[in-house]
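1. show me the folded form of this:
(chains A and B)
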Amino acid sequence: MSEILVNTLTGKTTAGDITVTSEGGAATMQLQQGLAKSWCKWTMLSTQTVNDSFNIASIQDNGTGRTELSATNSMSTADYAIVGMSRDGGGYNDDANCAICEDFTITSSVFEIFCTHAAAANDASSAFVVTHGDLA
Amino acid sequence: MSELRTDTITASDGTSPVTLTKQSAAKAWVNFNGTGTIATRDSFNVTSLDDNGTGNYDVNFTSAMGNADFSSQVTAGYSADTGRYGENLSYNASYANVGARNSSGTSVDNAGIAVTISGDLA
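-> Here you go, the predicted model:
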């Protein structure tokens, strides 16, 4: 096995474009586009608090079940993919959900998550979100 | 600081994938509008979408996964309960069948669906 110890990887031809081989060897794809660009775990209970995060500068409580998340480094557009889940802290079979709030104008650096429990707005005990897309 | 500039990273045998220590990149993602004529807003490793009916879509991969046992995350947009729940319906190495439902559990077309795929490529 060979190992390269390095602090920074940069594309030689294009700085943001490094190609890697697939696990099965049948394809190649760009490394950067597969990397998550931000993630966050936070609680909506009481004063909303970030437990851990990556590339998230801050969160803001926008009402019951609603959290506005602001990125440290912006995406290149507002068309990135946002996926999330929530945990309400109740029973094991409780209905808890996390959605992308469409009533909120998503920008390249800010989006809002809306959590529900039993079909009603709910401050989740834990909420989780990951974004994928292209950074600016 | 050390910096490596390269266009392609491959394992030392010249063909196998390189190992990213304790890391795994997503293999596909898409943000799409699932209402009317469905349309991709942005994507990675997604060649097309199929509209299978109300709130039911196939996300077709450009480069296939190694098997159907990949991890898929689906989140739908919420607006006045036109939709709320993203769901995984079925899996194939070449596509993920996903859907959206409202709070009553009824399948609905949704304007803001995001899907991410993690696993091993073929």
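
2. B:Thr106: neighbour count?
-> Residues within reach of B:Thr106, counting by other CB atoms under 10 Å in any protein chain shown, total 11. Every residue, glycine included, has its C-beta placed from N, CA and C.

3. go on, B:Thr10?
-> If you count neighbours by other CB under 10 Å, B:Thr10 ends up with 16.

4. also A:Gln32?
-> 20.

5. ok and the residue in chain B nearest chain A?
-> B:Ala25 (3.0 Å; CB to the nearest CB).

6. pretty sure that residue is touching A:Leu35, no?
-> Yes: counting by CB atoms under 8 Å, A:Leu35 is a contact partner of B:Ala25 at 5.4 Å.

7. the two - which one has more neighbours?
-> Higher neighbour count among B:Ala25 and A:Leu35: B:Ala25, with 18 against 14, using other CB under 10 Å.

8. show me the contacts for that one.
-> Contact analysis of B:Ala25 by CB atoms under 8 Å, 6 or more residues apart in numbering or on different chains lists A:20, A:31, A:34-35.

9. switch to 6 Å and redo it
-> Each residue near B:Ala25 by CB atoms under 6 Å, 6 or more residues apart in numbering or on different chains is listed here: A:34-35.

10. one step back: per-residue confidence at the residue of chain B closest to chain A?
-> On pLDDT, B:Ala25 comes in at 93.

11. okay, it and A:Ser22: tell me how far apart.
-> From B:Ala25 over to A:Ser22 the distance is 11 Å, taken as CB to CB, to the nearest Å.

12. ok, now A:Cys101?
-> Distance from A:Cys101 to A:Ser22, by CB to CB: 35 Å.

13. kindly report the same for B:Thr10.
-> Taking CB to CB, one finds B:Thr10 at 11 Å from A:Ser22.
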